[in-house]
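Colleague: mind looking at a prediction? Sequence and model below.
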Amino acid sequence: MLLDSAPRGLGVLNAVYRISALARHNLIIRLRDPGQMISYVAMPMVLMLVLKPLYVRALDGGATQVATGLMVMFSVFAISLAGNSILSERTWRTWDRLRVSKAPAFELLVGKTLPLFVVMIAQQAILVVYGCLAIGLPVPPAPSLVLLSIAIWAFALLAIGAALATLVRSHGELSVISDVGALTLSSLGGALVPLSLMPDWAQTAAHVSPGYWALTMMQAAVRGDAAAILLPAAILLAIGLLAGLFAARRLTRGWGRDGLL
């Protein structure tokens, strides 16, 4: 197996070799079917143009709200992309082959999700540039803060998707949970309607939604407010770490063997 043919050397170098082999393989699979990736870039672009007049007339900073809100909303669908990339190995009955290789669960997770991580950063970066050029999104004074926020949000989403993939029994279950969850988390977090215009119960419940913290972090990054990024970034990193550890534990304990759990 390719994962077991790493050159002799330090353990870290062998781990990098195995992760890169998995990442290359999954990148090829993703590039052969780029439809979802393209749609998650094109749809928010269209909606930004359509909704911009409404948000600009109704809100101060309406351009920032519509751009960042749709960025967060459509990025949440990456949960299903991450989940499907892992669940497909079980459908193809190839996960057992990966499990008996020298790659531990952590390396398998990183190798499976790394291409999606790169794709998500590219998607969000394209939407930020598009928002500045076509929607009137203020040019971020500190682009590095925006890039950092995008990376943290991508990490949290992919970890959630990986954890979800180890719980569901089929692609249908994953699709239902991820699609409904994506709309719920993003809308409850203020991606479609600003939090100030939502009912009191929704404003309270929003704080349990990762989408709320992602939107808060993204808007602070666009403003260049480094201090306002710290709390939401810490919360999203914690969510990502917990979800990633849960997924790794499930994989280590035998998830993915042929047959249903």
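Modeller: Nice, I can see it.
Colleague: residues near residue 132, how many?
Modeller: Residues lying near residue 132 (other Cβ atoms under 10 Å) number 16. (Each C-beta comes from the backbone N, C-alpha and C, glycine too.)
Colleague: do you know how far it is from residue 146?
Modeller: 11 Å (Cβ to Cβ, to the nearest Å).
Colleague: what does residue 104 give?
Modeller: Distance from residue 104 to residue 146, counting by Cβ to Cβ: 33 Å.
Colleague: so how far is residue 22 from residue 250?
Modeller: In this structure, residue 250 and residue 22 are 18 Å apart, going by Cβ to Cβ.
Colleague: from the chain's centroid, how far away is stretch 222-242?
Modeller: Distance, stretch centre to chain centre, for stretch 222-242: 15 Å (Cα atoms, centre = their mean, to the nearest Å).
Colleague: and it, which residues are buried?
Modeller: Within stretch 222-242, the residues that qualify as buried are 222, 223, 224, 228, 229, 232, 233, 235, 236, 239, 240, counting by 16 or more other Cβ atoms under 10 Å.
Colleague: over to stretch 165-172?
Modeller: For stretch 165-172, a neighbour-count test (16+ other Cβ under 10 Å) marks 165, 166, 168, 171 as buried.
Colleague: in strands only, show me those residues.
Modeller: Using DSSP state E to define strands, no part of those is located there.
Colleague: what about residue 104 and residue 146, which has more around it?
Modeller: Neighbours were counted for residue 104 and for residue 146 using other Cβ under 10 Å; residue 146 has more, 22 against 14.
Colleague: could I get the pLDDT score of residue 261?
Modeller: You'll see residue 261 listed with a pLDDT of 42.
Colleague: use 7 as the first number for this chain going forward.
Modeller: Sure, I'll start counting at 7 from here, so that last one is residue 267.
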